[in-house]
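Colleague: Show me how the following folds:
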Amino acid sequence: SSGINAEYGVSGVYPPRLRCFDTKQLSMKFERGMDHEVVAFHILSEDWKKIVLLQSNRYVEFQTQDGIYYKTRIPTFGRDLCYYNRSAELFIGASGPQVYRLNLCKGTYMSPIETISTGVNVTHIHPQHSLLMLGTDSGTVECWDPRSRNRSAALAIPNTKNITCLQSNKILELGVGTETGQIILYDIRSTSPILTKDHHYEKPINSIYFYNSDSENYVISACSKSFKVWHKDDGKPYTAIESEEDICDVAWYEGSGMFFFANEGQKMKTFFIPSLGPAPKWCWFLDNLTEELEESTENVVYDDYKFVTNEELEVFGLTHLIGTNYLRAYMHGYFMDMKLYREVKEIVNPFAFEEYKKNLVEKKLQSQMTDRVEVKKLPKINKSLARKDMHKGSKLLEDNRFGSLFTNPDFEVDEESEQFKLINPTVKKHEPKSSEFTMYNSASEPEESEDEEPVQVRKIKRKREMKLVSCENESAVYSKKTSVATAVPLGERLVENGHSSTSSTQLFGAREMKIEIEKEKKSFKSKQTEEMEQHRTERRQLGRSASSLLRKQRGKFWRGRKVG
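Modeller: Below is the predicted model:
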């Protein structure tokens, strides 16, 4: 349920909570948790400081600005309550035939009102003549005078069992809402209804308000599915709002067109109908918004026309229509009737639909290609810089500010220049290093002929070599006092030690010699196995026998002889 006054609005939510909103600040003032669900509540003071709540556990709770003030319990489960300010009495309708009276001035229960029904669903006090109206679950409306505590009248509502809502208008009018979704207007002096309005949802009516102005009189009603505004005299609909969530209650800020919907959703819904009244003072900016969003009723002149240029008329061959009623001059072209434009386009280009299908298929294929992995191609200019950028993961190539750096040759970096080498002396080119080279049969390149077959080129791996070049006066190098071992040439000494030597036929200077150094055989043992073997050897060296620790078994002797 919900309620609102000039400055504050109060609502109950689920899980059981009470929230108070300050309309001047457009914010929530406080929030309080409840032990049980709130069935109905009433604001006793002009502000929010005194509130009475009827809970589902048969308790009536009074709260002030400090919190809970007092709790009292009623014999049966309560359904509705209303406050009579002239005698400071609280009338509580419950599931039994009695209406409980709680005098807030004396602080005691007064003698209850006995009805002719089995339960009271709705309680309402007329604001002008203070007549207490009770809607029962027997399909009747009972009117009581709270001063004498006597029944004034009883009205039986046809075709209904439960009365779910009551609302008075002016002095003599009464609106009754039923559980079948009907609103019945009565004059309290007569038992025959003035008007019956049906919501056509067969849902109970939970809210009824009367809107009175100098020109029009409306009735505002709501059920769990819809909110409707209709004329009071003839019942013609004025406007309606359908809600996705079930509407529990509707609070109207009187004098304006603003409504608050308490519903089963997470947020309270707010609607503003400008034709029913202006926005409240604390929400004045709504008037400016509605003026901007006001629908214009001007008719658009060229809705069914197509704008064409002079070039398009030449393609269509319709230049002879210029100046006739078929073309209307506008700016740099003409307006043509849409039907005429379609017919001419089909004649000029009969395969337009096939082209449209082809373009549509191409777009779908391109969209599918974008989902695949894209291979980024390096630009031709500043390729090394682009490669570094890709490795770093930056987006220099995608930045439009540096686009000319990879497209304009004026910005190309010359890596072979001396200036670049001085600035970047340790730049390594990202080129694949090949450990193989080609070798031909002869020193010169082979000459191909028609009769001879092409020479097959084989690739061999480059071997590590060491060259020793001797000078002409070799004897000057060695002294006369050299030993016999050192006087032996280096090649012979290497052959004796097991190294093979090869000499080339080509001579550069006095003499040349090539020495092939054999590669050390790599052990394929892993590091872990080597460590395990080393550990075992160390254990063998440090290991000691445990035989000395064991006791030697002595033999058994009997009469000086060894038996066992």
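Colleague: any chance you could map the helices in this protein?
Modeller: 285-292, 310-316, 338-348, 352-370, 383-392, 418-423, 484-487, 490-496, 527-542 (DSSP state H).
Colleague: can you put those in JSON lines and add distance to I43 and mean pLDDT?
Modeller: For glycine as for every other residue, the C-beta is placed from the backbone atoms N, C-alpha and C. Converted to JSON lines, the helices of the chain look like this (distance: least, Cβ to Cβ, whole Å; pLDDT from 0 to 100):
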{"stretch": "helix 285-292", "distance to I43": "24", "mean pLDDT": "78"}
{"stretch": "helix 310-316", "distance to I43": "70", "mean pLDDT": "88"}
{"stretch": "helix 338-348", "distance to I43": "61", "mean pLDDT": "86"}
{"stretch": "helix 352-370", "distance to I43": "60", "mean pLDDT": "80"}
{"stretch": "helix 383-392", "distance to I43": "68", "mean pLDDT": "82"}
{"stretch": "helix 418-423", "distance to I43": "82", "mean pLDDT": "83"}
{"stretch": "helix 484-487", "distance to I43": "122", "mean pLDDT": "51"}
{"stretch": "helix 490-496", "distance to I43": "115", "mean pLDDT": "66"}
{"stretch": "helix 527-542", "distance to I43": "84", "mean pLDDT": "85"}
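Colleague: Would you check how far apart G181 and S117 are?
Modeller: According to Cβ to Cβ, to the nearest Å, G181 stands 21 Å off from S117.
Colleague: what about these two, which has more around it?
Modeller: G181 (21 against 18; other Cβ atoms under 10 Å).
Colleague: F210 and G177, how far apart?
Modeller: 13 Å.
Colleague: With neighbour numbers in mind, choose between those two.
Modeller: Between F210 and G177, G177 has the larger neighbour count (other Cβ under 10 Å), namely 28 against 16.
Colleague: what pairs with that one across the strands?
Modeller: Beta-bridge partners for G177, by DSSP bridges, are C165, I183.
Colleague: my guess is it contacts V219, does it?
Modeller: No - judged on Cβ atoms under 8 Å, G177 makes no contact with V219 at a distance of 10.7 Å.
Colleague: Which residues are in contact with each of those two?
Modeller: 183, 208 (Cβ atoms under 8 Å, 6 or more residues apart in numbering).
Colleague: Worst mean pLDDT across the helices and strands of this structure, which element?
Modeller: Using mean pLDDT, DSSP states H and E, the weakest-scoring helix or strand in the chain turns out to be strand 436-439, at a mean of 38.
Colleague: how much space between C143 and Q368?
Modeller: 76 Å.
Colleague: who has more neighbours, these two?
Modeller: More neighbours surround C143 than the other of C143 and Q368, with 16 against 9 (other Cβ under 10 Å).
Colleague: how close does that one sit to N103?
Modeller: 21 Å.
Colleague: do the same with N325
Modeller: On the measure of Cβ to Cβ, N325 and N103 end up 87 Å apart.
Colleague: Who has more neighbours out of the two?
Modeller: Neighbour totals were compared for N325 and N103, and N103 leads with 14 against 7 (other Cβ under 10 Å).
Colleague: How many residues are close by the closest residue to F406 other than its chain neighbours?
Modeller: Excluding its sequence neighbours, the residue lying closest to F406 (Cβ to Cβ, 6 or more residues apart in numbering) is P379, at 3.9 Å. P379: 14 surrounding residues under other Cβ under 10 Å.
Colleague: how near is P379 to N408?
Modeller: P379 is 11 Å from N408, by Cβ to Cβ.
Colleague: Ok, T180 next?
Modeller: 81 Å.
Colleague: Which residue ranges of the stretch 151-300 of the chain form strands?
Modeller: 163-169, 173-178, 182-187, 193-198, 205-212, 217-223, 226-231, 237-242, 247-252, 258-263, 269-272 (DSSP state E, counting those that start in this stretch).
Colleague: What mean pLDDT does the shortest one get?
Modeller: If I follow you right, that is strand 269-272. Mean pLDDT, strand 269-272: 91.
Colleague: Give me the distance from it to the chain's centre.
Modeller: Computed by Cα atoms, centre = their mean, to the nearest Å, the chain-centroid distance of strand 269-272 equals 25 Å.
Colleague: Also the longest one?
Modeller: Between the mean C-alpha point of strand 205-212 and the mean C-alpha point of its chain there is a distance of 39 Å (Cα atoms, centre = their mean).
Colleague: between it and strand 193-198, how many degrees?
Modeller: 130 degrees (axes from the mean of the first three to the mean of the last three Cα atoms, to 10 degrees).
Colleague: relative orientation of strand 205-212 and strand 247-252 in degrees?
Modeller: Using the same axes, to 10 degrees, strand 205-212 lies at 20 degrees relative to strand 247-252.
Colleague: same question for strand 205-212, mean pLDDT?
Modeller: 94.
Colleague: Run through the neighbouring helices and strands of it.
Modeller: The helices and strands touching strand 205-212, judged by 3 or more Cβ pairs under 8 Å, 6 or more residues apart in numbering; DSSP states H and E, are strand 163-169, strand 173-178, strand 182-187, strand 217-223, strand 247-252.
Colleague: Ok, the fourth one next?
Modeller: With contacts defined as 3+ Cβ pairs under 8 Å, 6+ apart, the packing partners of strand 193-198 are strand 182-187.
Colleague: Now the strand it packs on: buried residues?
Modeller: 182-186 (16 or more other Cβ atoms under 10 Å).
Colleague: Among the residues you listed, which one lies nearest to M110?
Modeller: Ranked by distance to M110 (Cβ to Cβ), these are led by Y186 at 29.2 Å.
Colleague: what residue is smack in the middle of the chain?
Modeller: Q266 (17.7 Å; Cα atoms, centre = their mean).
Colleague: And that one, how close does it get to D80?
Modeller: For Q266, the distance to D80 - Cβ to Cβ - is 26 Å.
Colleague: What of Y326?
Modeller: From Y326 to D80 the distance is 72 Å (Cβ to Cβ).
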